[in-house]
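>>> Would you be able to build a 3D model of this:
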Amino acid sequence: MFTALPAIAVLAVMGTVLAIGHRDSVAGDRRQEAAQLGMAAALNARRFLDDQFSILAAVAASPVVRATDLERMRPFLVDVARNGRFTANLGFVNREGQAVVSASRPPGSPPIDLSDRAYVQGALAGKPMVSDVLIGRGRNRPIIAFGYPTRAASGARNGMLAGSLALDQFDAALKRLLYAPGGAETILDGADNVIAGPRPVEGLQPAPKGYPLAIMRRRRTGVLAGIETDRGTRLLAFARVEGTSWLVVVDRDRDDVIGPLDDALWLEIGALALLAGVGVLLTLATARRLDRLDRRRDEALTEQRSIAVILQRSLLPDLPDPPGLTVHADYVPAHGAMSVGGDWYDVVEMGDGRVALSVGDVAGHGLAAAAVMGQLRSAVRSMALGCAAPVEALTQLDRFTSTLPGRPLATVVYAVLEPSGRLRYAAAGHPPPLLVRADGSTAFLQDGRSPLLGVEPVEPRPEGSVELAPGDTLIIYTDGLVERPGDTIDDGLAALARQAGGRARDLAQLTKSLLATVSEPRRDDAAILCVRFEGQPSSVAS
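Numbers count the residues shown, from 1 in each chain. Down below sits the predicted model:
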């Protein structure tokens with residue numbers, strides 16, 4: 001009996017080590033889930049900001065702003081403010097930083113000097129800006145302000161648009177995008193004032209006591225457990241909103257998240273001590289436990305991947321139903337947990353019968369690539385609403401890319417399809433679109449090609465054109481659809497043409513069959529946009 005004691009002791013120690021490892025593994029999964037909530041909230045906040053900039057971009061492209069017609073500009077801005085989101089004010093600021101037109105002030109009011117505002121200085125330098133919490137100089141209440149640079153018809157900068165929301169209205173609008181189960185979300189500006197929080201924000205409100213703000217701002221994203229605040233011991237997941245000094249914090253009770261694991265650990269160790277004398281049973285129990293751990297880890301990875309897909313798809317648009325066209329688009333992520341990527345597609349009706357089509361790919365994966373993707377897609381959409389031609393759109397988009405932090409690299413195809421079937425297109429570093437004629441023949445559109453965005457400015461960029469006949473199908477895609485391990489890119493393009501050619505198929509079926517050719521495991525995400533020219537109004541599959 002005594003000779004068995006060492007073996008029993010070894011088994012007990014091994015069981016205890018496995019129990020601790022199990023606890024640490026599950027705790028790590030809980031922290032990862034919290035981190036995902038923080039990143040999702042930061043992405044949604046960035047999407048909200050991009051939507052505001054898209055509105056200002058459309059206003060900046062209007063004739064009265066480009067002509068700097070101050071007399072006609074005020075009634076135009078009043079109408080936009082009445083029907084838009086800038087409920088506090090919408091105005092025009094000249095190059096000297098003077099607010100010379102305001103939707104909320106009567107005509108003939110003296111200019112207000114805003115030249116000392118940081119968001120005004122940045123916008124006048126050519127970069128879209130959002131402010132920290134400010135006290136408005138018109139109505140003396142807390143606001144969040146947006147600045148967007150404007151240009152005259154000649155292309156020279158003529159000032160900026162300044163749109164603002166009252167802080168309480170901004171808080172309510174932003175919270176519609178945010179939801180963290182079991183946690184309270186708080187968004188802080190660069191001065192650590194609360195922009196949005198679990199309770200309504202009505203004035204200048206400092207960050208909750210106990211938040212280690214210096215650590216969170218230095219790390220930019222992550223999770224901190226065991227933080228003592230006036231609400232008790234907390235688990236804080238945090239993420240920086242890309243392109244701003246804003247910080248999103250998801251605040252959860254540490255005892256609710258990690259505490260049950262500690263209790264379970266002590267119970268498990270006690271059970272292992274009782275079972276230590278039965279070596280065979282303990283060995284079997286340990287084997288079963290390892291199997292459960294593997295299953296739980298696989299389930300956690302599957303759940304994280306599902307969150308990644310939902311997050312990516314939330315950043316992609318719902319497609320319209322343009323007359324005379326049938327459109328269908330889809331996206332598949334790369335293999336791996338939280339593999340959010342930088343692929344996007346979009347279809348925009350330009351208001352004059354023309355339709356703008358775009359597909360792009362930002363280099364890299366993860367939160368940063370997804371944030372840049374959202375900014376570029378919003379910029380392309382604003383250019384389409386401004387009726388930009390392909391060459392003009394890519395030139396402006398290249399300039400916009402150069403203003404983003406880190407000068408990200410991206411490829412894009414931008415095309416404009418006219419009601420007659422004439423397609424004008426330009427591609428920056430992107431795989432060539434594929435045209436499938438009604439008779440099943442295929443051809444890649446090789447004209448209008450230029451280097452990718454973010455390298456060196458290319459002006460002017462070339463443009464191509466082609467005539468579409470009824471029944472013709474245009475396929476625009478990202479490189480994840482044609483890149484395969486062991487094959488060249490030419491092999492992938494040839495395989496795409498073979499798969500897409502032949503008899504006409506329903507676009508949803510065609511898209512599904514093309515995405516099914518992507519090899520597993522997928523090393524890159526893939527987006528595809530299929531557009532069939534019908535020559536008459538049709539329904540849209542999406």
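
>>> drop to CA atoms for contacts and neighbour counts, all remaining ones
Will do.

>>> was I right about residue 363 contacting residue 342?
Yes - if you go by Cα atoms under 8 Å, residue 363 and residue 342 touch, sitting 6.7 Å apart.

>>> Now the common contact residues for the two.
residue 369 (Cα atoms under 8 Å, 6 or more residues apart in numbering).

>>> out of the two, which sits in the more crowded spot?
residue 342 (28 against 17; other Cα atoms under 10 Å).

>>> Looking at the host helix or strand of the more buried one now, give me its mean pLDDT.
Per DSSP states H and E, residue 342 falls inside strand 341-349. On average, the pLDDT along strand 341-349 is 88.

>>> Please apply the same query to stretch 206-221.
Mean predicted lDDT for stretch 206-221 stands at 88.

>>> Show residues contacting that stretch.
35, 39, 188, 192-194, 222, 227-230, 237-240, 247.

>>> Endpoints of that stretch, how far apart?
When the termini of stretch 206-221 are compared using Cα to Cα, to the nearest Å, they are 21 Å apart.

>>> Stretch 110-123 now?
For stretch 110-123, the end-to-end distance is 22 Å (Cα to Cα).

>>> Would you indicate which residues of it are buried?
114-115, 119-123 (16 or more other Cα atoms under 10 Å).

>>> do the same with stretch 317-329
319-329.

>>> Quick one: distance of stretch 321-328 to the chain centre.
Its chain's C-alpha centre lies 25 Å from the corresponding centre of stretch 321-328 when counted by Cα atoms, centre = their mean, to the nearest Å.

>>> Compute the first-to-last residue distance for it.
10 Å.

>>> what mean pLDDT does that stretch have?
In the prediction, stretch 321-328 has an average pLDDT of 92.

>>> my guess is residue 332 meets residue 518, correct?
No - counting by Cα under 8 Å, residue 332 stays clear of residue 518, with 9.5 Å between them.

>>> Show me which residues of stretch 524-538 are buried.
Within stretch 524-538, the residues scored as buried using 16+ other Cα under 10 Å are 524-535, 538.

>>> worst-scoring helix or strand of the protein, pLDDT-wise?
Lowest on mean pLDDT, DSSP states H and E among the helices and strands of the chain sits helix 259-275, with a mean of 51.

>>> Under the pLDDT cut-off, which ranges of the chain? List them.
1-30, 84-85, 138-139, 171, 173-183, 254-315, 335-340, 367, 519-522, 536-542 (pLDDT under 70).

>>> Helices of the stretch 51-200 of the chain, start to end?
63-66, 70-83, 118-124, 167-175 (DSSP state H, counting those that start in this stretch).

>>> roughly how far is the shortest one from the heart of the chain?
Put plainly, it is helix 63-66. The answer for helix 63-66 is 30 Å, by Cα atoms, centre = their mean.

>>> list the buried ones in that helix?
Those would be 64-66, for helix 63-66 by 16+ other Cα under 10 Å.

>>> Please apply the same query to stretch 496-504.
496-497, 500-501, 504.

>>> And for stretch 144-158?
Quick answer for stretch 144-158 (16+ other Cα under 10 Å): 144-153, 157-158.

>>> how far does it stretch from start to finish?
In stretch 144-158, first residue to last residue: 23 Å (Cα to Cα).

>>> ok, back up a step: of the contacts of stretch 206-221, buried ones?
Buried among the contacts of stretch 206-221 (16+ other Cα under 10 Å): 35, 39, 188, 192-194, 222, 227, 237-240, 247.

>>> Now do the SS call for the nearest residue to residue 457 once chain neighbours are set aside.
The shortest distance from residue 457 to any non-neighbouring residue, by Cα to Cα, 6 or more residues apart in numbering, is to residue 398 (6.8 Å). At residue 398 the chain is in helix, as set by DSSP: H, G, I helix; E, B strand; the rest coil.

>>> swap in the one 3 residues further on?
Classification of residue 401 using three-state DSSP returns helix.
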